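Chemist: 3D, please:
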Amino acid sequence: MVQFSMLKAEAIQSLGGTVAAAAEAIGVSYQAVDKWPDELSPRIADRVQAALWRIANRVPHPHPGQQQEAA
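Modeler: You can find the predicted model right below:
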């Protein structure tokens, strides 16, 4: 299994450059992003990667309670 590290500053920059933009892209609060460690855990890094994929492919973030359309 390949492990890679992602830094908080890199993630925030990639997700819009601000803590608020990163939080919105991932679907968490500003406070949650603000509490991230400098080196992100694999779980958080995965969420960042998923958000970057959604942004690149113009797929909206699935918010809780929002129903998905059948394909």
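
Chemist: for the rest of this, base every contact and every neighbour count on C-alpha atoms.
Modeler: OK.

Chemist: now do the helices in this protein.
Modeler: 8-14, 19-26, 30-34, 42-56 (DSSP state H).

Chemist: could I get these as CSV with mean neighbour count?
Modeler: Converted to CSV, these look like this (neighbours: other C-alpha atoms under 10 Å):
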stretch, mean neighbour count
helix 8-14, 17
helix 19-26, 20
helix 30-34, 14
helix 42-56, 15
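
Chemist: could these go into a markdown table alongside mean pLDDT?
Modeler: Putting those into a markdown table (pLDDT from 0 to 100) gives the following:
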| stretch | mean pLDDT |
| --- | --- |
| helix 8-14 | 98 |
| helix 19-26 | 96 |
| helix 30-34 | 97 |
| helix 42-56 | 95 |
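
Chemist: can you pull the contacts of residue 23?
Modeler: 29, 30, 32, 33 (C-alpha atoms under 8 Å, 6 or more residues apart in numbering).

Chemist: switch to 6 Å and redo it
Modeler: Contacts for residue 23 (C-alpha atoms under 6 Å, 6 or more residues apart in numbering) come out as 29, 30, 33.

Chemist: would you mind measuring from it to residue 39?
Modeler: 17 Å (C-alpha to C-alpha, to the nearest Å).

Chemist: same check, this time on residue 57
Modeler: According to C-alpha to C-alpha, residue 57 and residue 39 sit 26 Å apart.

Chemist: and residue 15, by the same measure?
Modeler: From residue 15 across to residue 39, the span is 16 Å (C-alpha to C-alpha).

Chemist: quick one, which of the two is more surrounded?
Modeler: Neighbours per residue (other C-alpha atoms under 10 Å) separate residue 15 from residue 39, with residue 15 holding more: 22 against 15.

Chemist: excluding its backbone neighbours, what's nearest the more buried one?
Modeler: The shortest distance from residue 15 to any non-neighbouring residue, by C-alpha to C-alpha, 6 or more residues apart in numbering, is to residue 22 (4.9 Å).
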